[in-house]
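# Sequence unavailable; structure follows:
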């Protein structure tokens, strides 16, 4: 039997969304490299390795509960159906009416949405870096995927109250990035600064990452992965709109890179690579909400502004005594806020109509309506995530403790949490030899 | 020493004369340190110096530009008679090693931390007979890799502080002939120092430190003072002028007509003011740290001192551009 046009169209859409899901999952490589490169050598194995662990935990938790809580049918606050998702058309029809018109199989949509939840979680880890216990990663991965992410996700994308108001967050500046960033902020406040970060007089010391090339590669992985993140959020390809979204995404990112490097050069007298990398990510985060709603020139402005904004806020937070090792809150939080607001300013009436969410922004005759919706969505989401993550992490802190001991932190999490260094040859002299190894090396000694 | 009176002098120009006095005091203390070290060895039964020797200052001490807090950059040179037997020579080398260690230890006790780059008379590289020094100099000039170029630059700032200054004269003469016979050498010396970035940004904005302990301060040492020192030194060396202090170098550059007189006056006046400003740096921090010697809080500067610093930075950039072209002219 010849395939129908509808089947062909569905196959093409499905392939694109599957490729996008893979691209977004690939962003985990980016986070692993970026985070490991931006921190010290003694923690590198732990930081990169925990990315794999938490993606695994997040996958299971999202399958069991998270997907249903986010996209299942329920009320305007939370989804209540579709738990332990079995991938069948029957369960899809019974539990996920929001996806009823989709031309893509729900299994692919599941993978795509899982990848988003995992990105949000990966962002949150930035605030935990170099001092959190491994057990915290286990427990918090589950709690984040079940109690935090699905709620705001449901509000905006799952037919919740913000969706009803017409909040424009195309691929998740608020849902994915700001959520992760708020958790990172709460974590970094509760964990307190790393040993050696601040002096007695309150001045801060720079703790440079151990491998700038890793950080650069990480950012490039993220940049490429973002074409799946934003472009895939069209949930189809047959109308070619994903190309437009990819174009605005790239323009904003390029502007963010240039603006951040330029501002660091002007302010510090040196073209600072980490600042440029932060600018790239900030621009990607900001354009995530607005990529489908704005003109190309506006994408350039949004990207450039976020690159500059992030540069100053990262310095400001550092001065405020908030030790955010990967600048998660400046990059994903501040830029997430700016990105979410930007669509309230720059959204064109044509594009808003095409996407079918909200209306025109302030600069396109939409008045303050859309901007107001965006601001309300921001306040609601930030308040929820802040309060709930604070309660969870404060409880964890009281019950099991969030932070490793001083000795463990000083010796590094590679050795204290995993028993082996990420760079064993380089740090050999500090390596703790297990008794059995020491014995066998004596046995085989030629002397 | 009570430094409070200095703090009340906000204008950079008013501070300049104090720089000379501070350096004289430093010279006196260090000279005393060497004398005490010699006496200490005699007291311990090690004996008197076997040969005539001289104690050399490098770095800012060599240039008569020591600030209030200063580290040690020093060396020893001694004259070995031609008929000396090997065992006596061996013993003499041992004596000067011990003397070097005693001097460095003593100076450290009175507040001069040893140089982080290991330029002290404990190090074999900075201690030896005249012949050893000449050999060393030849070796550095024959292979002017980055490190050796740095050693040559350090040696060019040498000044004898204790002992017979004639002992170091053969070394300076050798240096002069090496430079004269190897036109490429000056290029190596220039490229060794041009990486210093003057802290001046777009539209003449002074760029302070953005983060860290010295946030809001400028690095006076690396951001303006050393770039000028280096450029003046390069022009002096390229023209066969072998004096160690920057001000003397400028005077001779003027005398030889290498730069126009008005330009020499401009460089000299700014440099004097910078020397004065270096004195107040530690008062901005009050922590006794050697690194704090380099940083000046912008908020503590009077408006005219800020203007002066900016002009000095512009001058440093201009000098760096002139210096870049120096190897091709030389």
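The structure has been received and is ready for your questions. Everything numeric in this text was worked out from a predicted model, so none of it was measured.

# okay, residue A:194: pLDDT?
According to the predicted model, the pLDDT of residue A:194 comes to 96.

# Same question for residue A:362.
Listed pLDDT for residue A:362 reads 96.

# so how far is residue A:309 from it?
Separation of residue A:362 from residue A:309 (Cβ to Cβ, to the nearest Å): 18 Å. Any C-beta I mention is one placed from the backbone N, CA and C, and that applies to glycine too.

# Which one of the two is surrounded by more residues?
For residue A:362 and residue A:309, the more surrounded residue by other Cβ atoms under 10 Å in any protein chain shown is residue A:309, and the numbers stand at 23 against 17.

# just checking, what packs against the helix or strand where that one lies?
The secondary structure element spanning residue A:309 is helix A:296-319 (assigned by DSSP states H and E). In terms of contacts (3 or more Cβ pairs under 8 Å, 6 or more residues apart in numbering or on different chains; DSSP states H and E), helix A:296-319 is packed against helix A:241-268, helix A:273-290, helix A:335-346.

# Nearest to chain A within chain B, name that residue for me.
Distance from chain A to each residue of chain B (Cβ to the nearest Cβ) is smallest for residue B:207, at 3.7 Å.

# nearest spatial neighbour of that residue, skipping sequence neighbours?
In space, not counting the residues next to it along the chain, residue B:207 is nearest to residue A:269; the distance is 3.7 Å by Cβ to Cβ, 6 or more residues apart in numbering or on different chains.

# What count of nearby residues applies to residue B:90?
Residue B:90 has 11 nearby residues by other Cβ under 10 Å.

# Contact partners for residue B:219?
With contact taken as Cβ atoms under 8 Å, 6 or more residues apart in numbering or on different chains, residue B:219 is in contact with B:199, B:209, B:294-295.

# any idea which helix or strand of the chain has the worst average confidence?
Here I'm looking at chain A. Among the helices and strands of chain A, helix A:435-443 carries the lowest confidence by mean pLDDT, DSSP states H and E, at a mean of 41.

# where's the residue in chain A that chain B sits nearest to relative to residue B:206, distance?
Closest approach between chain A and chain B, counting by Cβ to the nearest Cβ: residue A:269, at 3.7 Å. For residue A:269, the distance to residue B:206 under the criterion Cβ to Cβ works out to 9 Å.

# Now do the shared contacts for those two.
When contacts are counted by Cβ under 8 Å, 6+ apart, residue A:269 and residue B:206 are jointly contacted by B:199-200.

# quick one, which of these two is more surrounded?
Summary of the neighbour comparison: residue A:269 and residue B:206, criterion other Cβ under 10 Å, with residue A:269 having more neighbours (22 against 18).

# quick one: residue B:209 and residue B:223 touch, right?
No - Residue B:209 is beyond contact range of residue B:223, at 9.6 Å (criterion: Cβ atoms under 8 Å).

# Looking at these two, which one has more neighbours?
More neighbours surround residue B:223 than the other of residue B:209 and residue B:223, with 27 against 19 (other Cβ under 10 Å).

# What's the per-residue pLDDT of the more buried one here?
Looking at residue B:223, its pLDDT is 91.

# before we move on, what about residue B:216?
88.

# wait, what's in contact with the nearest residue to residue A:318 once chain neighbours are set aside?
Using Cβ to Cβ, 6+ apart and skipping the chain neighbours, the partner closest in space to residue A:318 is residue A:204 (5.3 Å). For residue A:204, the contact set (Cβ under 8 Å, 6+ apart) comprises A:197-198, A:318-319, A:321, A:323, B:211-213, B:215.

# Also residue B:107?
Contacts for residue B:107 (Cβ under 8 Å, 6+ apart) come out as B:30, B:33, B:72.

# For the helix or strand hosting the second one, give the mean pLDDT please.
Right, residue B:33. Here residue B:33, judged by DSSP H and E, is contained in helix B:12-43. For helix B:12-43, the mean pLDDT works out to 90.

# Which secondary structure elements does that helix sit against?
Packed next to helix B:12-43, using 3+ Cβ pairs under 8 Å, 6+ apart, are strand B:53-57, helix B:59-62, helix B:86-109, strand B:159-163, helix B:261-285, helix B:303-329.

# ok, now with 6 Å
In terms of contacts (3 or more Cβ pairs under 6 Å, 6 or more residues apart in numbering or on different chains; DSSP states H and E), helix B:12-43 is packed against helix B:86-109, strand B:159-163, helix B:261-285.
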